[in-house]
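Asks: Sequence first, then the predicted structure:
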Amino acid sequence: MCLAVTNGIPEKTEGFGWKVFEQSKPGAKLYSKYFGNASHPRRTWIRAEESAQSREGNGIFNASENGFHIFVNRQDAMSYSADYWKSDRRFVVRKVRYRSAFLQGTGDGNYYEPNSLRPVVVAKEIYIIEANRA
């Protein structure tokens, strides 16, 4: 998911949100497409720099600091996963705890509906919460 509009630094730098991950099958490891397709460990804090693949020479990523893009609302993450990716369990939504948030804005909504931007925070660290229905 990409930020379309940035609105500065969030008032809350820690909190909970919703992240879309790639997962090959239920129970398998979780991956973030834009973090080098490396699996994310569970039950530990993950820093964006530790997960990020080298981005030198890739103009898309050089424009902003590395960070995890996190939806503020669960429904927005679910809609993004279902509508944008047109997936059947390949992409899953997990509740995450975040800290060191440094940017807020609105991110891509449904790719086919440009007016469907959704609130997002960008944070340096996340902790994946195991429960699927958190």
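Replies: That came in fine, so what should we check first?
Asks: In the chain, which strand is the longest?
Replies: strand 91-107 (DSSP state E).
Asks: can you give me the strands for the protein?
Replies: Counting by DSSP E, the chain has strands at residues 3-6, 15-22, 46-47, 68-71, 91-107, 118-128.
Asks: thinking again about what came up before, what's the angle between the longest strand of the chain and strand 118-128?
Replies: Here strand 91-107 runs at 130 degrees with respect to strand 118-128, directions being taken by axes from the mean of the first three to the mean of the last three CA atoms, to 10 degrees.
Asks: What is the longest helix of the chain by residue count?
Replies: The longest helix of the chain (DSSP state H) is helix 74-79.
Asks: Which residues outside that helix are in contact with it?
Replies: Under the criterion CB atoms under 8 Å, 6 or more residues apart in numbering, residues 18-20, 71, 93, 95, 109-110, 116, 118-119 lie in contact with helix 74-79. The way it works is simple: take the backbone N, C-alpha and C, and place the C-beta from them, glycine included.
Asks: mind putting the strands of the chain in CSV, mean pLDDT and distance to Ala82 included?
Replies: Output for the strands of the chain, formatted as CSV (pLDDT from 0 to 100; distance: least, CB to CB, whole Å):
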stretch, mean pLDDT, distance to Ala82
strand 3-6, 79, 19
strand 15-22, 91, 10
strand 46-47, 88, 25
strand 68-71, 91, 13
strand 91-107, 91, 8
strand 118-128, 92, 13
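Asks: want to throw these into JSON lines with distance to Ala28?
Replies: Output for the strands of the chain, formatted as JSON lines (distance: least, CB to CB, whole Å):
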{"stretch": "strand 3-6", "distance to Ala28": "28"}
{"stretch": "strand 15-22", "distance to Ala28": "10"}
{"stretch": "strand 46-47", "distance to Ala28": "17"}
{"stretch": "strand 68-71", "distance to Ala28": "20"}
{"stretch": "strand 91-107", "distance to Ala28": "10"}
{"stretch": "strand 118-128", "distance to Ala28": "13"}
